[in-house]
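A.B. asks: Quick one: sequence plus predicted model below, questions after.
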Amino acid sequence: MKTSHLINILLAVALVVLSIRLVRDNPQPTASTDADGATSATVQSKDAEEAVKQNILTRTSIRAYTDKDVDEKSVEQLLRAAMAAPTAGNKQPWRFVVIRDNATLKKISENFKSMAMAEHAPVAIVVCGDTEATFPGEGVGYWIQDASAATENLLLMAHSMGLGAVWCGIYPMSDRVKILSEMLSLPANIIPLNVIPIGYPAEDPAPKDKWTPASVHYEKW
């Protein structure tokens, strides 16, 4: 047998041995199957879908809070969720003011009758829109949609974290906008959309079923 032929055989054997070792040391993941024949990946996907659905359908406005503080990490999670919202043209005109000062929270409570709960919340977030960071002309109003989407993300994240929150409207009521803007020293281009008092719930109201088929139209009105 020629030396070159023998070397080729030895190389082939070495490659087979190496391949076997690689497969043995790095086994491919296998999908487990439940009693109904569904793979674990499918089960996990369904669990995640159900969790999202329940978080949306069980969220409700919370207006009473315990004395437990809401830490900075939690507030950042809420803000990250808010900033993950859809935004027209990716302009991201949302701006946020985080309020922890008791005097300011009390002042909000005193100036807006519908926000009496703010005085007892450990933190409130004011969601604003920057009219200089959105579209010009008629498109300037897109900041309202963007900031609203950010608000809903924030509320859903709060609910998923075991926190309670409530959307308290400011814009488009000009008197409310003026009072809060002066209170927080907001620049002219920053418009407050709402105030969201946040805390750990001291109440457990049942969520409302708002499904109304009569509100839905198909193809045409």
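C.D. replies: Yep, that arrived.

A.B. asks: For the rest of this, base every contact and every neighbour count on C-alpha atoms.
C.D. replies: Noted.

A.B. asks: Show me the shaky parts of the chain.
C.D. replies: 1-38 (pLDDT under 70).

A.B. asks: Buried residues, the longest strand along it. List them.
C.D. replies: Criterion DSSP state E: the longest strand present in the chain is strand 190-199. Buried residues in strand 190-199, counted by 16 or more other C-alpha atoms under 10 Å: 190-199.

A.B. asks: would TSV of those residues with distance to residue 94 be doable?
C.D. replies: TSV is the format used below for the buried residues of strand 190-199 (distance: C-alpha to C-alpha, whole Å):
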residue	distance to residue 94
190	9
191	10
192	10
193	10
194	12
195	13
196	14
197	18
198	19
199	22
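
A.B. asks: packing partners for the helix or strand where residue 156 lies?
C.D. replies: Using DSSP states H and E, residue 156 sits in helix 142-160. Packing contacts for helix 142-160, counted by 3 or more C-alpha pairs under 8 Å, 6 or more residues apart in numbering; DSSP states H and E, involve helix 40-58, helix 72-82, strand 94-99, strand 123-130, strand 164-165, strand 190-199.

A.B. asks: From the rest of the structure, what touches the longest strand of the chain?
C.D. replies: 63-66, 68-70, 95, 117-118, 121-131, 144, 147-148, 163-172, 177, 180-181 (C-alpha atoms under 8 Å, 6 or more residues apart in numbering).

A.B. asks: Leaving out sequence neighbours, find the closest residue to residue 77.
C.D. replies: Distances taken as C-alpha to C-alpha, 6 or more residues apart in numbering place residue 157 nearest to residue 77, at 7.9 Å, with adjacent residues excluded.

A.B. asks: wait, residue 181
C.D. replies: Spatial nearest neighbour of residue 181, excluding adjacent residues (C-alpha to C-alpha, 6+ apart): residue 192 at 7.1 Å.

A.B. asks: and the one you found, what are its bridge partners?
C.D. replies: residue 128 (DSSP bridges).

A.B. asks: roughly how far is the one helix or strand residue 178 maps to from the heart of the chain?
C.D. replies: Assessed by DSSP H and E, residue 178 sits inside helix 174-183. Averaging C-alpha positions (C-alpha atoms, centre = their mean, to the nearest Å) puts helix 174-183 27 Å from its chain's average.

A.B. asks: Show me what that helix is packed up against.
C.D. replies: Using 3+ C-alpha pairs under 8 Å, 6+ apart, the elements in contact with helix 174-183 are strand 190-199.

A.B. asks: ok, 10 Å please
C.D. replies: Judged by 3 or more C-alpha pairs under 10 Å, 6 or more residues apart in numbering; DSSP states H and E, helix 174-183 is in contact with helix 102-111, strand 190-199.

A.B. asks: For the first one, give me every contacting residue.
C.D. replies: In this structure, residues lying in contact with helix 102-111 by C-alpha atoms under 10 Å, 6 or more residues apart in numbering are 99, 101, 114-124, 176, 179-180, 183-184, 195, 197.
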